[in-house]
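**Student:** build me a model:
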Amino acid sequence: MRKFFGMWRDKTIGRPFGHSDVSLKKGEKNMNQLVIKNLSKTYPNGVQALKNIDLTIGSGMFGLLGPNGAGKSTLMRTLATLQNADEGTAFLGDLNILKEKEKVREILGFLPQEFDFYPKVTAGDMLSHFAVLKGISKHSERKEIVNAMLDRVNLSEYKKKKLGSFSGGMKQRLGIAQALLGDPELLIVDEPTAGLDPKERHHFHNLLSEIGENMIVILSTHIVDDVSDLCSDMAIIDKGELLLTKNPLEAIEELNGNIRSKVIESNQLDEYKTKYNVISSRLYMGKRQIHIFSETDPGDNFKEIQPNLEDVYFSVIPEKDVD
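**Tutor:** Below is the predicted model of the structure:
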């Protein structure tokens, strides 16, 4: 167990995220805005994961959208104080995220991309243990908070169930519960719906939308629908660079009149790519439905369609560049 729980402690100072024995109190600093300036990170193997990232994020749900390997997790881990940046700054209100790591952990909730639990531990015991790590030492208080958190994520009836019986969606909900312990000002969730079935994704979306009303929530994902359904602001990142920062609805509106669609034979795809700006394609009843970007009517039986956020995404990141 020591190895697992050690994931949640800084190796140099040994303190858990969300510890409540703190000197910083709510209201002492303005925490309603996260400002990132010129943030860069290059790994020892030479991969530049972040290239001069500039972002300003306010309260509510913010979507960080990009393909696998885009730099999303590097940015999330940096903001979660799990690794250092090479250059740049990041401030949550007046709090220096890169230099005041202990204080950041006191007001941070984090659900990483790789997260799991011991299969033979019950949900109640697991969450209670995380509450201890976050400084909630009084038994009666901890019991009350654990019950409230399980109820909030709709897991109350599974409190005494062992985690080995939980579905992926249930584990993710419990992961959010542990991230919310300590009433964080900043919540980071990294690829939270990857691998969930449609019903579980729906439940998780509802949960995130409720949470996002009262704090800064950063949702890192490669799933366009997650951002479309949940986020009022977003950024698209690829190969360590920010390519677009905009309100999703505004980004969609800017493509009005420029997205056209046609169903073709699968063996015609390469031909159409040479003639038109094909931004995406998908299988459709044994054929290919392609979307192209064109400011004028190209003819050739293309039909103008109402754009969506996926069209925004693929107009910024060509489909051939997406893993």
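
**Student:** partner residues bridging the nearest residue to Ile97 once chain neighbours are set aside?
**Tutor:** Closest residue to Ile97 apart from its sequence neighbours, by CB to CB, 6 or more residues apart in numbering: Ala90 at 4.1 Å. Where you see a C-beta, it was placed from the backbone N, CA and C, and this is true even at glycine. Counting by DSSP bridges, Ala90 is bridged to Ile36.

**Student:** Ala90: neighbour count?
**Tutor:** 23 (other CB atoms under 10 Å).

**Student:** wait, it sits on Glu100?
**Tutor:** No - with contact defined as CB atoms under 8 Å, Ala90 does not reach Glu100; the gap is 10.5 Å.

**Student:** in this protein, which spans are helices?
**Tutor:** 2-6, 72-79, 101-106, 123-133, 139-152, 168-180, 198-211, 224-230, 248-253, 269-275, 309-316 (DSSP state H).

**Student:** out of those, which comes closest to Ser59?
**Tutor:** helix 198-211 (11.5 Å; CB to CB).

**Student:** pull the CA atoms of that closest one into PDB?
**Tutor:** This file holds the C-alpha atoms of helix 198-211, laid out as PDB (Å, rounded to 0.1, in the frame of the first residue of the first chain):
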ATOM      1  CA  PRO A 198     -21.800   6.000 -23.300                       C
ATOM      2  CA  LYS A 199     -24.000   5.700 -20.100                       C
ATOM      3  CA  GLU A 200     -21.000   6.100 -17.800                       C
ATOM      4  CA  ARG A 201     -19.800   9.100 -19.800                       C
ATOM      5  CA  HIS A 202     -23.300  10.700 -19.500                       C
ATOM      6  CA  HIS A 203     -23.300  10.200 -15.700                       C
ATOM      7  CA  PHE A 204     -19.800  11.600 -15.400                       C
ATOM      8  CA  HIS A 205     -20.600  14.600 -17.600                       C
ATOM      9  CA  ASN A 206     -23.500  15.500 -15.300                       C
ATOM     10  CA  LEU A 207     -21.300  15.300 -12.300                       C
ATOM     11  CA  LEU A 208     -18.600  17.500 -13.800                       C
ATOM     12  CA  SER A 209     -21.100  20.100 -15.000                       C
ATOM     13  CA  GLU A 210     -22.400  20.500 -11.400                       C
ATOM     14  CA  ILE A 211     -18.900  20.700 -10.000                       C
END
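
**Student:** which helices and strands does that helix pack with?
**Tutor:** The contact analysis (3 or more CB pairs under 8 Å, 6 or more residues apart in numbering; DSSP states H and E) places helix 198-211 against helix 168-180, strand 216-221, helix 224-230.

**Student:** deepest of these, which one?
**Tutor:** Across the helices and strands packed on helix 198-211, the average number of neighbours (mean count of other CB atoms under 10 Å) peaks for strand 216-221, which reaches a mean of 24.

**Student:** circling back to that earlier point, ranking the helices of the chain by mean pLDDT, which is last?
**Tutor:** Among the helices of the chain, helix 2-6 carries the lowest mean pLDDT, a mean of 30.

**Student:** once you drop chain neighbours, what's closest to Glu310?
**Tutor:** Nearest non-adjacent residue to Glu310, counting by CB to CB, 6+ apart: Val224, 4.8 Å away.

**Student:** my guess is the one you found contacts Asp311, does it?
**Tutor:** No - in this structure, Val224 is not within contact of Asp311 by CB under 8 Å, at 9.5 Å.

**Student:** distance to Gln113 added to the helices of the chain, as JSON lines?
**Tutor:** Shown next, in JSON lines, are those (distance: least, CB to CB, whole Å):
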{"stretch": "helix 2-6", "distance to Gln113": "16"}
{"stretch": "helix 72-79", "distance to Gln113": "6"}
{"stretch": "helix 101-106", "distance to Gln113": "19"}
{"stretch": "helix 123-133", "distance to Gln113": "18"}
{"stretch": "helix 139-152", "distance to Gln113": "21"}
{"stretch": "helix 168-180", "distance to Gln113": "11"}
{"stretch": "helix 198-211", "distance to Gln113": "14"}
{"stretch": "helix 224-230", "distance to Gln113": "13"}
{"stretch": "helix 248-253", "distance to Gln113": "22"}
{"stretch": "helix 269-275", "distance to Gln113": "32"}
{"stretch": "helix 309-316", "distance to Gln113": "20"}
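
**Student:** winner for burial among those helices?
**Tutor:** helix 72-79 (a mean of 24).

**Student:** could you check the angle strand 216-221 makes with that helix?
**Tutor:** Interaxial angle, helix 72-79 versus strand 216-221 (axes from the mean of the first three to the mean of the last three CA atoms, to 10 degrees): 150 degrees.

**Student:** so which elements touch helix 72-79?
**Tutor:** With contacts defined as 3+ CB pairs under 8 Å, 6+ apart, helix 72-79 has these neighbours: strand 33-42, strand 48-58, strand 60-65, strand 186-190, strand 216-221.

**Student:** fine, thanks again, bye for now.
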